[in-house]
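*Asks:* this is a predicted model, with the sequence first.
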Amino acid sequence: MAIEETVTIHGKRIASLEGDVSSLKVETSKLGLTLAHQDERQAERFVSLSTSQLELKDILKARAESEEKRAEEARKYREGRERSEAEAQLTKQKWLQSLLTPQTLILIIVVVASIFGVRTLDLMEVTGTPSPVEPAP
């Protein structure tokens, strides 16, 4: 009986070890599935992050281009405004020069002199302009 007991004890131990091996195989397969699932999630996250980074890159590029375009438009507007201001000042200067001709200056002097009582004939003699009407003798 000692041999039979030993065989029984060893049989029980073998059965117990086979049970342990089975449970370890189950846990190993569970861990394998968990790792595979984590790999899939990590790959999905990587793709998602890569896509997001590319989208952000495109957005930043578009923003930089729009800022450059806005700066260019502002520069063109500023140059146009400065050009129009210079043209307006030049036009004003030409207008003033056209008003200040020798004929208009003489007319202004005549009007001012007539206000103070100087006769036109006396003024024309001073300026050297021949009088249109000869004075009566």
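*Replies:* Received the coordinates, thanks. Remember, it's a predicted structure, so these values are computed and weren't measured experimentally.

*Asks:* and K92, how far is that from Y77?
*Replies:* Counting by CB to CB, to the nearest Å, the gap between K92 and Y77 amounts to 22 Å. C-beta: built from backbone N, CA, C; applies to glycine.

*Asks:* pLDDT value on P130, please?
*Replies:* At P130, the pLDDT value in this model is 55.

*Asks:* try R13
*Replies:* Confidence at R13, expressed as pLDDT, is 92.

*Asks:* for A43, see how far away it is.
*Replies:* Computed with CB to CB, the distance linking R13 and A43 is 44 Å.

*Asks:* also A86?
*Replies:* Noted for A86: a distance of 64 Å to A43, by CB to CB.

*Asks:* now swap in V112 and tell me
*Replies:* In this structure, V112 lies at 97 Å from A43, with CB to CB as the measure.

*Asks:* and what of T104?
*Replies:* Applying CB to CB, one obtains 89 Å for the distance of T104 from A43.
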